[in-house]
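Novice: curious how this folds, go ahead:
(2 chains)
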Amino acid sequence: MLAILAAVPAFAQTAAYKPARTADGKPDLNGIWQALNTADWDIQAHAAAAGPAPMLAADFAIPPGTGIVDGNEIPYLPAMLEKKKQNLQNRFTADPEVKCYLPGVPRATYMPYPFQIVQSTKTILISYEYAGAVRTIDMGKPGPAPVDSWMGWSIGHWEGETLVVDVTGLNDKTWFDRAGNFHSGDLHVVERYTPRSPDTLMYEATIEDPKVFSRTWKISMPLYRHVEKNAQLLEFKCVEFAEELIYGGLRKQPKTK
Amino acid sequence: MSKRFFEIALAFAAAIVFLAPAPAAAQTSSTAALTKEGAKTSTPPRTPDGKPDLTGVYTNASVVPLERPKDLGSKEFFTKEEADAYAAKALAKTEVVAPGTYGDVHYSMAQFGLEKGQSKVAGNIRTSLIVGPEGRVPPLLPAAAARQAARQAANRGHEFDGPENRGLAERCIIWGNEGPPMLPQGYNSNLQIVQGEGYVAIEQEMIHDVRIIPTDGRKHLPADVHQWFGDSVGHWEGNTLVVDTTNFTDKTAFRGSGENLHVVERFTRTDADTVKYEFTVSDPSTWEKSWSGEVLMSKIDGPIFEYACTEGNYGMRNNLSGARADEAKKK
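Specialist: Now for the predicted structure:
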């Protein structure tokens, strides 16, 4: 744990910026935030590509991106590369996102949907627009994860201006992106949220999973505040959009396209 | 196979993750503190930014039915002794036997459930959650009754055709506790309130949805934007959080409602352990008049666990594949 934290370098520590405070004196992270990148398609650098539905042409083509992985390398153990390849081949039916399943951490952060931080002294709630996903970060000492879950067990503390969240208890069913990057149930994520201006946060996460990766690796990206006056999370309850994919084969009459 | 059985089976399949920490025994808090007027209002603690502090993990489990049993007429309150006897009787019912199934197929709520028999239940001398002399939901207007009958008729004989023919809870779209109005369920009525500056968030354990209520004076969404839970805006009136919700979808169909459903909720902390939750429901296209109710929420130990619903929805898969197998057998 100490080793991981020590390994988190440079730009989280933009210590020069002093963010606004909540009434209880903590850095104020309240707000609606969103990543502005294409990491949900692939956390590594990738060129644009045709989308899965040719009839939708340019509308649903895959957008390019420079990636969010430090050094752009994901250090898979050699035996794990085949699974990543299979996941990529099957992604339009096997990705938990296509089925409207809970996205896990850190993926929830950089999906193409906003999320809202509601910050109190003892609990910081993060509500994600996608699928009504939610996690509560316990700012006390609740002990180890009692059970595995999709969104994990989050324990937070403040380090100067940074909210540090230790996430364990994640199950092995979520992916990092639509490119099939994956992990095991031993995943351990340490997130750091650091205000860098009134309307931006720097987000970093170290990823440790000795069953799948040969070393700890890191992702980082800025998060942007929704500053529009009418910003709010709307419902994206996608279960009904995924019913045909999941249960279509069990219908009495196949749905006519 | 009964729908009820599959709802329970579904709940059980998806619930395994949080069974371990289920609390020990029923704790019915005393009804003694409650008078006819409800619990005494005190000055509640404040959040650091000076708002009444509603934060915490609660259950709104209740032994009081939404509608008053007909034999109680216009009797709105029990005596304390009557209330205790009524609660004891309700809490003793923990076995669910699915009608039409094999004799040994049963479901012990005491063993597997997070139902009211195992959670804290706020003492309440009401005979129904709906307040007033009638204690019942007003009758549907003829047009609303016709609308509801048409909905039911359209599905009759097609109950197992596809996922859209199943109930919203079985589909993991919305669960009855979520509301608004947030009504207690027989099974798992746990929720958490978190307050940030300018917002109040309500997370329900079933089925992990969050309502984030802004208290900054903003208006509702444009009228043509409809959501399953509607659109909630709030403000503080003294010690009370008042939440106004419109913009429902007509698919939400709360007790026959349409998209004009309008819900006003009031959250007031009445003591260290209790939040009084009052609601008023109206929809001029559904009921002749509005109706109101009151539920008590009791603080419990956290945490709220993750109820991943669609991710473990074997009930839906089993219902549909069972129906297909039945059809194949009949051919």
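
Novice: could you use CA atoms for every contact and neighbour count after this?
Specialist: Fine.

Novice: buried ones in stretch B:267-287?
Specialist: B:267-271, B:274-283, B:285-287 (16 or more other CA atoms under 10 Å in any protein chain shown).

Novice: so for it, mean pLDDT?
Specialist: Mean pLDDT, stretch B:267-287: 97.

Novice: start and end of that stretch, how far apart?
Specialist: For stretch B:267-287, the first-to-last residue distance is 24 Å (CA to CA, to the nearest Å).

Novice: next: stretch B:236-245.
Specialist: Note: stretch B:236-245 ends 15 Å apart using CA to CA.

Novice: do the same with stretch A:87-98
Specialist: 13 Å.

Novice: per-residue confidence at the most centrally placed residue in chain A?
Specialist: With distances taken as CA atoms, centre = their mean, A:R107 lies nearest the centre of chain A, 2.1 Å away. According to the prediction, A:R107 has pLDDT 98.

Novice: hang on, it packs against A:D40?
Specialist: Yes: counting by CA atoms under 8 Å, A:D40 is a contact partner of A:R107 at 7.2 Å.

Novice: overlap of the contact sets of these two?
Specialist: Residues touching both A:R107 and A:D40 (CA atoms under 8 Å, 6 or more residues apart in numbering or on different chains) are A:F176, A:D177.

Novice: ok, now which ones touch the residue nearest to the centre of chain A?
Specialist: Shown in contact with A:R107 (CA under 8 Å, 6+ apart): A:D40, A:W175, A:F176, A:D177.

Novice: which strand or helix spans A:P222?
Specialist: Assessed by DSSP states H and E, A:P222 sits inside strand A:217-225.

Novice: same for that strand, what does it pack against?
Specialist: In terms of contacts (3 or more CA pairs under 8 Å, 6 or more residues apart in numbering or on different chains; DSSP states H and E), strand A:217-225 is packed against strand A:31-35, strand A:200-208.

Novice: okay, those in JSON lines with mean neighbour count, mean pLDDT and distance to chain B next?
Specialist: JSON lines is the format used below for the helices and strands packed on strand A:217-225 (neighbours: other CA atoms under 10 Å in any protein chain shown; pLDDT from 0 to 100; distance: least, CA to the nearest CA, whole Å):
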{"stretch": "strand A:31-35", "mean neighbour count": "22", "mean pLDDT": "98", "distance to chain B": "9"}
{"stretch": "strand A:200-208", "mean neighbour count": "22", "mean pLDDT": "98", "distance to chain B": "18"}
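
Novice: nearest to A:K229 among the contacts of A:R107?
Specialist: Nearest to A:K229 out of those is A:D40 (CA to CA; 26.8 Å).

Novice: SS state for that closest one?
Specialist: The local conformation at A:D40, judged by DSSP: H, G, I helix; E, B strand; the rest coil, is coil.

Novice: list the contacts of the closest residue to it other than its chain neighbours.
Specialist: Once flanking residues are discounted, A:D40 sits nearest to A:D177: 4.7 Å by CA to CA, 6 or more residues apart in numbering or on different chains. Contacts of A:D177 were listed using CA under 8 Å, 6+ apart, and they are A:A39, A:D40, A:W41, A:D42, A:I43, A:R107.

Novice: most neighbours out of the residues you listed, which is it?
Specialist: A:A39 (28 neighbours; other CA atoms under 10 Å in any protein chain shown).

Novice: gap between the closest residue to that one other than its chain neighbours and B:M297?
Specialist: The shortest distance from A:A39 to any non-neighbouring residue, by CA to CA, 6+ apart, is to A:G67 (5.9 Å). Here A:G67 is placed at a distance of 47 Å from B:M297 (CA to CA).

Novice: now do the strands in the stretch 101-250 of chain B.
Specialist: Remark: strands assigned in the stretch 101-250 of chain B by DSSP state E, counting those that start in this stretch are B:106-108, B:120-121, B:190-196, B:199-204, B:210-214, B:231-237, B:240-246.

Novice: so what's residue 251 up against?
Specialist: Assuming you mean chain A. Contacts of A:R251 (CA under 8 Å, 6+ apart): B:D161, B:G162, B:P163, B:L320, B:R324.

Novice: wrong chain, I was asking about chain B
Specialist: B:W228, B:G258, B:E259.

Novice: so can I have CSV of these showing distance to chain A, pLDDT and neighbour count?
Specialist: Formatted as CSV, those follow (distance: CA to the nearest CA, whole Å; pLDDT from 0 to 100; neighbours: other CA atoms under 10 Å in any protein chain shown):
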residue, distance to chain A, pLDDT, neighbour count
B:W228, 8, 96, 20
B:G258, 19, 93, 21
B:E259, 16, 92, 21
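
Novice: so which bits of the strand holding A:P222 are buried?
Specialist: Of all the residues in strand A:217-225, those buried under the rule 16+ other CA under 10 Å are A:W217, A:K218, A:I219, A:S220, A:M221, A:P222, A:L223, A:Y224, A:R225.

Novice: quick one: average pLDDT of that strand?
Specialist: Confidence over strand A:217-225 (mean pLDDT, whole number) is 98.

Novice: quick one: that strand to strand A:200-208, angle?
Specialist: Using axes from the mean of the first three to the mean of the last three CA atoms, to 10 degrees, the inter-axis angle of strand A:217-225 relative to strand A:200-208 is 160 degrees.

Novice: export strand A:217-225 as PDB, just CAs?
Specialist: Taking C-alpha atoms only, strand A:217-225 is exported to PDB below (Å, rounded to 0.1, in the frame of the first residue of the first chain):
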ATOM      1  CA  TRP A 217       0.100   0.600 -13.400                       C
ATOM      2  CA  LYS A 218      -1.600   3.900 -13.500                       C
ATOM      3  CA  ILE A 219      -4.200   5.900 -15.400                       C
ATOM      4  CA  SER A 220      -4.800   9.700 -15.200                       C
ATOM      5  CA  MET A 221      -7.000  12.300 -16.700                       C
ATOM      6  CA  PRO A 222      -8.600  15.600 -15.900                       C
ATOM      7  CA  LEU A 223     -12.300  15.700 -15.000                       C
ATOM      8  CA  TYR A 224     -14.400  18.800 -16.000                       C
ATOM      9  CA  ARG A 225     -17.200  20.400 -14.100                       C
END
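
Novice: tell me the buried residues in the following helix or strand past that strand?
Specialist: Heading C-terminal from strand A:217-225, the first helix or strand you meet, by DSSP H and E, is helix A:239-247. Within helix A:239-247, the residues that count as buried by 16+ other CA under 10 Å are A:V239, A:E240, A:A242, A:E243, A:E244, A:I246.

Novice: B:P44: which of these is nearest?
Specialist: A:V239 (39.5 Å).

Novice: which residues touch that closest one?
Specialist: Applying CA under 8 Å, 6+ apart, the residues contacting A:V239 are A:K99, A:C100, A:A131, B:R171, B:C172, B:I173, B:T310.

Novice: please apply the same query to A:V189.
Specialist: Residues in contact with A:V189 (CA under 8 Å, 6+ apart) are A:V105, A:P106, A:D166, A:V167, A:T168, A:A205, A:T206, A:I207, A:E208.

Novice: hmm, who's touching stretch A:121-128?
Specialist: Contacts of stretch A:121-128 (CA under 8 Å, 6+ apart): A:24, A:108, A:113-119, A:133-140, A:233, B:194, B:210.

Novice: actually stretch A:37-57, not the one I wrote
Specialist: A:58, A:60-69, A:72-73, A:92, A:107, A:110-112, A:176-179.

Novice: now that stretch - C-alpha only, PDB.
Specialist: Output of stretch A:37-57 as PDB, limited to C-alpha atoms (Å, rounded to 0.1, in the frame of the first residue of the first chain):
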ATOM      1  CA  ASN A  37     -11.900  11.600 -23.600                       C
ATOM      2  CA  THR A  38     -12.600   8.300 -25.500                       C
ATOM      3  CA  ALA A  39     -11.100   6.000 -22.900                       C
ATOM      4  CA  ASP A  40     -14.300   4.000 -22.500                       C
ATOM      5  CA  TRP A  41     -13.700   2.800 -26.100                       C
ATOM      6  CA  ASP A  42     -10.100   1.900 -25.300                       C
ATOM      7  CA  ILE A  43      -8.000   3.100 -22.400                       C
ATOM      8  CA  GLN A  44      -4.900   2.800 -24.600                       C
ATOM      9  CA  ALA A  45      -4.100   5.100 -27.600                       C
ATOM     10  CA  HIS A  46      -6.200   4.100 -30.600                       C
ATOM     11  CA  ALA A  47      -7.100   5.300 -34.000                       C
ATOM     12  CA  ALA A  48     -10.600   5.900 -35.200                       C
ATOM     13  CA  ALA A  49     -12.400   2.800 -36.600                       C
ATOM     14  CA  ALA A  50     -15.700   1.800 -38.100                       C
ATOM     15  CA  GLY A  51     -18.400   1.200 -35.600                       C
ATOM     16  CA  PRO A  52     -20.300  -2.100 -35.100                       C
ATOM     17  CA  ALA A  53     -23.400  -1.000 -37.100                       C
ATOM     18  CA  PRO A  54     -22.400   0.000 -40.600                       C
ATOM     19  CA  MET A  55     -25.900   1.300 -41.300                       C
ATOM     20  CA  LEU A  56     -25.300   4.000 -38.700                       C
ATOM     21  CA  ALA A  57     -22.200   5.000 -40.600                       C
END
